[in-house]
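Asks: Quick one, structure for this:
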Amino acid sequence: MGRVSYELSEENRRRLELLTAFGILNGRSPTKEEIVNECIRAYFMEVFGRYREQADPNDMMLRMMEEVT
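Replies: Here you go, the predicted model:
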(Lines give C-alpha, C1' and ligand atoms only; values in the text may rest on other atoms or scores of the structure.)
Protein backbone atom coordinates (compact mmCIF):
# COMPACT_ATOMS: atom_id res chain seq x y z
CA MET A 1 0.00 0.00 0.00
CA GLY A 2 2.88 2.33 0.55
CA ARG A 3 3.19 5.29 2.83
CA VAL A 4 0.15 6.46 4.80
CA SER A 5 -0.28 9.71 6.69
CA TYR A 6 -2.57 9.96 9.69
CA GLU A 7 -2.92 11.88 12.93
CA LEU A 8 -2.30 10.21 16.29
CA SER A 9 -3.48 11.49 19.62
CA GLU A 10 -0.74 12.49 22.04
CA GLU A 11 -1.59 9.47 24.22
CA ASN A 12 -1.25 7.11 21.27
CA ARG A 13 2.07 8.71 20.26
CA ARG A 14 3.39 8.00 23.75
CA ARG A 15 2.01 4.46 23.65
CA LEU A 16 3.64 3.86 20.28
CA GLU A 17 6.98 5.16 21.53
CA LEU A 18 6.80 2.87 24.58
CA LEU A 19 5.86 -0.13 22.45
CA THR A 20 8.69 0.62 20.04
CA ALA A 21 11.18 0.99 22.88
CA PHE A 22 10.07 -1.87 25.11
CA GLY A 23 7.68 -4.08 23.13
CA ILE A 24 8.43 -7.54 21.81
CA LEU A 25 6.75 -8.82 18.65
CA ASN A 26 7.82 -12.10 17.09
CA GLY A 27 10.76 -12.31 19.47
CA ARG A 28 12.28 -8.90 18.71
CA SER A 29 11.70 -5.18 19.09
CA PRO A 30 9.04 -4.11 16.58
CA THR A 31 9.09 -1.13 14.26
CA LYS A 32 6.33 1.46 14.40
CA GLU A 33 4.96 0.08 11.14
CA GLU A 34 4.81 -3.44 12.56
CA ILE A 35 2.99 -2.21 15.67
CA VAL A 36 0.42 -0.31 13.62
CA ASN A 37 -0.11 -3.29 11.29
CA GLU A 38 -0.51 -5.69 14.23
CA CYS A 39 -3.03 -3.37 15.91
CA ILE A 40 -5.08 -3.14 12.71
CA ARG A 41 -4.94 -6.94 12.28
CA ALA A 42 -6.01 -7.57 15.89
CA TYR A 43 -8.83 -5.02 15.73
CA PHE A 44 -10.06 -6.43 12.41
CA MET A 45 -10.12 -9.95 13.83
CA GLU A 46 -12.09 -8.72 16.85
CA VAL A 47 -14.67 -6.96 14.66
CA PHE A 48 -14.82 -9.92 12.28
CA GLY A 49 -15.44 -12.34 15.13
CA ARG A 50 -18.35 -10.29 16.45
CA TYR A 51 -19.79 -9.75 12.98
CA ARG A 52 -19.54 -13.46 12.11
CA GLU A 53 -21.58 -14.39 15.20
CA GLN A 54 -24.55 -12.37 13.93
CA ALA A 55 -24.21 -12.50 10.15
CA ASP A 56 -26.03 -14.76 7.75
CA PRO A 57 -23.58 -17.21 6.10
CA ASN A 58 -24.48 -15.71 2.68
CA ASP A 59 -23.81 -12.12 3.82
CA MET A 60 -21.65 -10.28 1.26
CA MET A 61 -19.73 -8.32 3.91
CA LEU A 62 -18.97 -11.54 5.79
CA ARG A 63 -17.57 -13.11 2.62
CA MET A 64 -15.41 -10.05 1.93
CA MET A 65 -14.10 -10.11 5.51
CA GLU A 66 -13.35 -13.83 5.25
CA GLU A 67 -11.21 -13.18 2.18
CA VAL A 68 -8.79 -11.03 4.17
CA THR A 69 -8.55 -13.15 7.32
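
Asks: how long is stretch 6-13 end to end?
Replies: 12 Å (Cα to Cα, to the nearest Å).

Asks: switch to numbering from 431
Replies: Noted, 431 is the first residue going forward, which turns the last one into stretch 436-443.

Asks: How far does it sit from its chain's centre?
Replies: 15 Å (Cα atoms, centre = their mean, to the nearest Å).

Asks: how close does the residue most central in space within the chain sit to residue 460?
Replies: Centroid-nearest residue in the chain, with Cα atoms, centre = their mean: residue 470, separated by 1.2 Å. According to Cβ to Cβ, to the nearest Å, residue 470 and residue 460 sit 13 Å apart. Every C-beta, even on glycine, is put in place using the N, C-alpha and C of the backbone.

Asks: how many neighbours does residue 490 have?
Replies: 9 (other Cβ atoms under 10 Å).

Asks: From residue 457, how far out is it?
Replies: Using Cβ to Cβ, residue 490 is found at 39 Å from residue 457.

Asks: Report pLDDT for residue 479.
Replies: pLDDT recorded at residue 479 is 97.

Asks: Any idea how many residues pack against it?
Replies: 11.

Asks: Please report phi then psi for residue 453.
Replies: phi -80, psi 160 (degrees, to the nearest 10).

Asks: need the contact list for it.
Replies: Contact partners of residue 453, counting by Cβ atoms under 8 Å, 6 or more residues apart in numbering, are 459, 460, 465.

Asks: Where is pLDDT lowest across those?
Replies: Lowest pLDDT among the contacts of residue 453: residue 459, 90.
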